[in-house]
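**Student:** Here is a sequence together with a model predicted from it:
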Amino acid sequence: MTKLTHLTFVSLLLASCTPAKLVLSQNQSSKASWITPTERRTFLREHDGIEKLSAVIGDVTLHDFDEMWSGHNLESLISSSDVIVEATIEKNVSSLDDDRSDRLTEYGVRTTEVLKGKDLPNLRIICRGGELKLPNGHKVISHTAVWDQLRVGETYIFFLKPVENRYRLVASARSVLAVNSSDSLVHVLDIDPKHALDLKKQVEGVNSLKVKSAIKTNSLNAK
């Protein structure tokens, strides 16, 4: 069977983080047999689902797009977070989850300032998405709004909740604020113009010192 390098499907992912729609893009020129959406959905819900899918289609490229279930502003992010830190990413490692059916990236960060909660040495943050080579030799790339934009060496403000011995974002890309290294201005990582409008009105383009002060005092008057 000629192996597909891409597929197309949409399914609701069941996970502890923000729900998402999953899209696999397909090479339309391929003449391989079509796999039904139900079969694809079944693969990704099984243990070792990613590897089982890649055994059928070859390399896998996934696109996880956040669905807008609720809006967020600075106040809601603060109240939803157990820990808020300004930190610089030092490294990242992608892997499959325990069921080997989802893609995760773990970020090792150096905390520069704790804005809520306690200081956490060796803080590790996980998010959906990543790129890795599977044991069967095929590659899986999972694009998400967070993984596509986070960069090693850059500084961000993270709104976090604990999950086992690591921390996850409380609201995907809406809970990461990028701190520009040249002018210290803040930008919401979620660039979708329809998302987090109230949050963007509050913090987009604002000096990071003002934003951090607003977080510490739980004040909405960042501007």
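**Tutor:** Sure thing, it's come through.

**Student:** which residues does E131 contact?
**Tutor:** Shown in contact with E131 (CB atoms under 8 Å, 6 or more residues apart in numbering): S94, K139, V140, I141, S142. Just so you know, the C-beta spots here come from the backbone N, C-alpha and C atoms, and that holds for glycine as well.

**Student:** host element of the first one?
**Tutor:** This means S94. Using DSSP states H and E, S94 sits within strand 83-96.

**Student:** Can I get that strand in PDB? Just the C-alpha atoms.
**Tutor:** Output of strand 83-96 as PDB, limited to C-alpha atoms (Å, rounded to 0.1, in the frame of the first residue of the first chain):
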ATOM      1  CA  VAL A  83       1.300  29.500  40.000                       C
ATOM      2  CA  ILE A  84       2.200  32.500  37.800                       C
ATOM      3  CA  VAL A  85       5.800  33.100  36.800                       C
ATOM      4  CA  GLU A  86       7.900  35.100  34.500                       C
ATOM      5  CA  ALA A  87      10.400  32.600  33.100                       C
ATOM      6  CA  THR A  88      12.900  32.000  30.200                       C
ATOM      7  CA  ILE A  89      12.700  28.800  28.300                       C
ATOM      8  CA  GLU A  90      16.000  26.900  28.500                       C
ATOM      9  CA  LYS A  91      15.100  23.600  26.800                       C
ATOM     10  CA  ASN A  92      12.200  21.500  25.400                       C
ATOM     11  CA  VAL A  93      11.700  17.800  24.800                       C
ATOM     12  CA  SER A  94       8.800  16.300  22.900                       C
ATOM     13  CA  SER A  95       7.300  12.800  23.700                       C
ATOM     14  CA  LEU A  96       4.100  10.800  23.600                       C
END
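
**Student:** That one pairs with which strands, and in what direction?
**Tutor:** Strand 83-96 pairs in its sheet with strand 103-116 (antiparallel), strand 155-163 (antiparallel), by DSSP bridges.
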